[in-house]
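**Q** Predicted structure and sequence below. I'll ask about it afterward.
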Amino acid sequence: MPRHSNFAGFLSAKVRKNGHKAKKNENKFIFLLGFLAGRLFYATFAAMKVIVSKEIEQVCPGFVGACVEADVVNSAYSEELWQEIHALGDEYRRTLTTETVKELPSIAATRRIYRACGKDPSRYRPASEALIRRMLQGKELYQIDTLVDLINLASIRFGYSIGGFDASKFAGDTLTLGIGRAGEPYEGIGRGLLNIEGLPVYRDDLGGVGTPTSDNERTKIGLSTRRLLVLVNGYDGNEERVCRNADYILSLLSRYCQSSGGSYQLYR
């Protein structure tokens, strides 16, 4: 019997030798491999469980979040997406100021939670507020990649602080929303070590992965990201608006990141 470098080569040789019957068996074998691969993929990316801790419930009993998950294809830049971002910036410069932006219900609620947890929201601004303020000041937003830029647009549009993550980088299958502790290690994206004491923080099995101010380097999105997880933080308790934000994210992913499905679940 000739030597083969892999099982697929061996199978192909057997097929040629045994003719039509073996060809039918090969098709069944390929179908079975595909089925098993699909089952394995589903098991690997089963829906993430998100838990809201008692300490968050105490400071924000009405909290509602949305966990969005989708298969995606990232890209370095999308001109059409940036046209949307610039159009929204023009709209906000006509209707908002750096003072009135703090009064938007979603941002005002996040600022209240910061204070309730012991953090100064003017020193550690929620990301949504920081992004809109940058627009109002006439500064360009940082262009990262299509997924990150898209999540920033969704945050700016609705005012919620939104965390975006490469789902393959999480440790475990559960995220817990709690409050940062003194001395807790946390490396913010592009910010270095960040003092998250008194900040709402999502943790996986290894530690913090996201706060409303900055997400963590360990689970950040990159061009190789294929499975995306997004967390919409509704500290204002407005379930209808949180759902609209999640639906908006799914529509953006369909248009700009080749996502053919995706889904979201609410948690509270």
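**A** It's in. Residues are numbered from 1 along each chain as shown.
**Q** quick one: the helices in the stretch 51-200 of the chain?
**A** 54-59, 79-95, 105-117, 127-136, 146-158 (DSSP state H, counting those that start in this stretch).
**Q** would you turn the ones you listed into TSV with mean neighbour count?
**A** C-beta: built from backbone N, CA, C; applies to glycine. TSV is the format used below for the helices of the stretch 51-200 of the chain (neighbours: other C-beta atoms under 10 Å):
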stretch	mean neighbour count
helix 54-59	14
helix 79-95	13
helix 105-117	20
helix 127-136	21
helix 146-158	23
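**Q** Tell me the spacing between the residue nearest to residue 242 when sequence neighbours are not counted and residue 92.
**A** Closest residue in space to residue 242, ignoring its immediate chain neighbours: residue 234 at 3.9 Å, by C-beta to C-beta, 6 or more residues apart in numbering. Distance, residue 234 to residue 92, using C-beta to C-beta, to the nearest Å: 21 Å.
**Q** what's the answer for residue 115, then?
**A** When residue 115 is compared with residue 92 (using C-beta to C-beta), they lie 25 Å apart.
**Q** can you check residue 169 too?
**A** 32 Å.
**Q** three-state assignment of residue 230?
**A** strand (DSSP: H, G, I helix; E, B strand; the rest coil).
**Q** Across the sheet, point out what pairs with it.
**A** Counting by DSSP bridges, residue 230 is bridged to residue 68, residue 164.
**Q** Around it, how many other residues sit close by?
**A** 27 (other C-beta atoms under 10 Å).
**Q** Quick one, grab the pLDDT at it.
**A** At residue 230, the model reports a pLDDT of 98.
**Q** need the contact list for the closest residue to residue 101 other than its chain neighbours.
**A** Among residues not flanking residue 101 along the chain, residue 132 sits closest, at 5.1 Å (C-beta to C-beta, 6+ apart). Taking C-beta atoms under 8 Å, 6 or more residues apart in numbering as the criterion, residue 132 is in contact with 92, 96, 101, 107, 156, 159.
**Q** follow-up on the earlier one: the residue nearest to residue 242 - how many residues pack around it?
**A** 27.
**Q** which residues touch it?
**A** Residue 234 neighbours (C-beta under 8 Å, 6+ apart): 63-66, 106, 109, 160, 241-242.
**Q** what's the helix or strand that contains residue 202 in contact with?
**A** If you go by DSSP states H and E, residue 202 is part of strand 200-204. Here strand 200-204 makes contact (C-beta under 8 Å, 6+ apart) with 50, 56, 113, 117, 163, 170-172, 174-180, 184, 186, 208-212, 219, 231, 233.
**Q** Which neighbours in the sheet does it have, and how are they oriented?
**A** Going by DSSP bridges, the partners of strand 200-204 are strand 174-179 (antiparallel), strand 207-210 (antiparallel).
**Q** Deepest in the core, which of these is it.
**A** Mean neighbours per residue, mean count of other C-beta atoms under 10 Å, is largest over the strands paired with strand 200-204 for strand 207-210, with a mean of 22.
**Q** Off-centre distance for that strand?
**A** Put simply, strand 207-210 sits 13 Å off its chain's centre (C-alpha atoms, centre = their mean, to the nearest Å).
**Q** likewise stretch 152-164?
**A** Taking mean C-alpha positions (C-alpha atoms, centre = their mean), stretch 152-164 and its chain are 10 Å apart.
**Q** CA atoms only for that stretch - export them in CSV, please.
**A** Written as CSV, here are the backbone C-alpha positions of stretch 152-164 (Å, rounded to 0.1, in the frame of the first residue of the first chain):
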residue,chain,number,x,y,z
ASN,A,152,-18.1,53.7,18.4
LEU,A,153,-20.8,54.8,16.0
ALA,A,154,-23.4,52.7,17.9
SER,A,155,-22.3,54.2,21.2
ILE,A,156,-22.4,57.8,19.9
ARG,A,157,-25.8,57.3,18.3
PHE,A,158,-27.5,56.1,21.5
GLY,A,159,-25.2,57.5,24.2
TYR,A,160,-24.7,54.1,25.9
SER,A,161,-21.2,53.0,26.9
ILE,A,162,-20.7,49.9,24.8
GLY,A,163,-18.0,47.2,25.2
GLY,A,164,-16.7,45.3,22.1
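**Q** my guess is residue 248 is in a helix, correct?
**A** Yes - counting by three-state DSSP, residue 248 is found in a helix.
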